[in-house]
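1. Return atomic coordinates for the entry below.
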Amino acid sequence: MAESFDRAPGAERTRGKASCPGAGDAYSGRQAEGEPGAAAFSQCEPLRQPRTSPPSTESSTSSDRSSSKPSNPAHSNSSSSSTAALSPPSADPVVQNSTLSANAPEFYPSTYAPYQDAAYEDGSDGYYAEPSLADLVQEFLSHLSSSPGSFEFEIEYITGTLNGWVTSEETLQELVELIFTQSTSMQNFAYTGARLCNHLSQHLALSPASGSFRQRLLKLCQTEFEHRKQAVVGDAETQRRFHSYVLFLGELYLNLELKSAKGPPARADVLQGALKDLIDTLCSHPTDANLICAVKLLKLTGSILEDSWKQSGKSCMQEIVQRIENIVLDSQCSRDVKQMLLRLVELRSSNWGRVYTAAVFSEATPDNDPNYYMNEPTFYTADGTPFTAADPDYSEKYQEILDREDYFPELYEENGNDALDADEDEMDSEIEEAYEKFCLESERRRKP
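-> Reported below is the predicted structural model:
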């Protein structure tokens with residue numbers, strides 16, 4: 001049995017018939033004489049080519065050539081399929097005629113700008129470039145602009161850092177210009193910028209003979225002041241920057257302190273005359289934007305300026321108010337701006353809205369203390385009209401209340417409402433009975 005077992009492929013078909021003559025002819029399609037199973041093997045068709053690899057032109061040509069030779073179908077079919085698998089596909093004519101090369105240089109569009117890392121432009125070995133003074137100052141100013149409330153907590157650190165950077169006249173001038181530009185380009189930063197200038201003018205270590213921080217700052221303000229007549233009639237952007245400069249100069253006048261050998265620090269009086277000239281310049285061209293800027297400046301510095309001018313015996317504020325009243329009558333500005341000017345005149349007539357310190361409690365009277373009646377109680381008449389001790393008819397109205405208490409003593413007690421409140425707090429018989437039932441049921445539930 002071992003001899004009749006053939007391990008070759010397809011041998012199972014001839015198992016037990018290997019010694020029969022003509023067995024090999026069954027695969028070629030020829031029927032052997034006297035072989036009963038040969039007809040069954042001769043009917044088997046040759047294997048077809050797989051559909052995933054269609055025959056190419058060369059394979060079909062080779063198969064045509066092979067069909068002309070006398071050979072069996074299975075051999076010709078297998079040879080054609082192997083030829084189709086081994087022969088490469090024909091190249092596309094476009095690919096054959098192409099001049100492209102894998103070694104060609106890289107292509108960049110005309111608008112392409114190659115990226116260059118700033119860290120390597122100056123030849124430094126680090127990945128990040130060393131920050132400049134402008135970057136450092138801009139970071140500080142941006143932080144103070146977004147968080148002005150942190151000024152007191154951050155100013156010491158900012159001053160210490162700047163003292164390490166500002167070591168020459170060039171860096172000092174750059175610092176002054178950066179702060180001045182930021183303070184005059186943003187109105188909301190004028191107050192913080194003025195405080196920063198005051199602190200740096202007193203605590204910056206470098207103070208060369210050519211000009212300290214404060215001197216260089218005032219020099220920039222003087223340069224901008226000299227161009228006021230051109231700026232006030234310039235385009236919208238020029239006027240906006242000029243108005244920001246005017247408000248910054250007002251904040252600088254209020255916050256910049258000059259040390260004095262005798263007494264407390266004083267204000268920079270040199271800015272006082274500049275503010276007077278700026279107000280005159282704005283009023284000389286009474287457009288809406290210029291007048292609004294003048295109103296803002298006077299609301300900001302009017303009280304301080306008038307006090308200082310009064311001490312010097314000057315009537316500058318009265319002249320400004322008279323000019324504003326003439327503008328309201330003759331100017332072609334809008335109605336809203338005229339209302340702003342009138343409210344400014346009223347504010348000045350009320351001493352800029354200031355209330356002086358109240359007198360001592362023992363010496364306070366309605367004549368010398370405007371807050372004399374502040375803590376007095378409020379009463380109401382029969383028709384609900386409120387009145388206090390400051391009311392001129394206080395005595396008469398209060399007497400009416402006392403008379404009502406005399407007419408209805410049972411409704412009024414010490415504060416006039418206790419009797420009514422007591423009646424309202426009493427429960428009627430039905431509510432009282434329901435409440436007693438509720439208490440009894442609660443006691444039963446608590447008992448085990």
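2. all contacts plus neighbour counts: C-alpha atoms, from now on.
-> Noted.
3. Once you drop chain neighbours, what's closest to residue 302?
-> residue 352 (7.5 Å; C-alpha to C-alpha, 6 or more residues apart in numbering).
4. and the gap between the one you found and residue 328?
-> For residue 352, the distance to residue 328 equals 20 Å [C-alpha to C-alpha, to the nearest Å].
5. do the same with residue 191
-> Going from residue 191 to residue 328 by C-alpha to C-alpha gives 30 Å.
6. Over to residue 251?
-> In this view, residue 251 and residue 328 are 27 Å apart by C-alpha to C-alpha.
7. One more: residue 336?
-> Separation of residue 336 from residue 328 (C-alpha to C-alpha): 11 Å.
8. Tell me which of those two has more neighbours.
-> residue 328 (19 against 10; other C-alpha atoms under 10 Å).
9. got a list of what the more buried one touches?
-> 338, 341, 342 (C-alpha atoms under 8 Å, 6 or more residues apart in numbering).
10. TSV please, covering those residues and showing neighbour count and distance to residue 244.
-> Output for the contacts of residue 328, formatted as TSV (neighbours: other C-alpha atoms under 10 Å; distance: C-alpha to C-alpha, whole Å):
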residue	neighbour count	distance to residue 244
338	21	22
341	21	20
342	16	23
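11. okay if I get those as TSV plus distance to residue 144?
-> Shown next, in TSV, are those (distance: C-alpha to C-alpha, whole Å):
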residue	distance to residue 144
338	35
341	33
342	35
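12. from these, which is closest to residue 220?
-> Nearest to residue 220 among the contacts of residue 328: residue 341, at 30.7 Å, using C-alpha to C-alpha.
13. Quick one: mean pLDDT for the strand or helix carrying residue 438?
-> For residue 438, the host element (DSSP states H and E) is helix 429-446. Helix 429-446 comes out with an average pLDDT of 80.
14. Please enumerate the strands of this protein.
-> 257-258, 266-267, 379-380, 386-387 (DSSP state E).
15. Could you give the number of residues near residue 147?
-> 10.
16. So for it, what's the pLDDT?
-> With respect to pLDDT, residue 147 scores 87.
17. Roughly how far does it sit from residue 188?
-> From residue 147 to residue 188 the distance is 12 Å (C-alpha to C-alpha).
18. and if you look at residue 208?
-> 31 Å.
19. These two: who's more crowded?
-> Neighbours were counted for residue 208 and for residue 188 using other C-alpha under 10 Å; residue 188 has more, 15 against 11.
20. any weak-confidence spans in the stretch 1-150 of the chain?
-> Within the stretch 1-150 of the chain, the segments meeting pLDDT under 70 span 1-91, 95, 110-129.
21. oh, I was asking about the stretch 201-350 of the chain
-> In the stretch 201-350 of the chain (pLDDT under 70), no residue qualifies.
22. If we use 90, what do you get?
-> 207, 209-210, 257-270, 311-315, 329-335, 350 (pLDDT under 90).
23. mind checking how far residue 324 is from residue 344?
-> Residue 324 is 9 Å from residue 344, by C-alpha to C-alpha.
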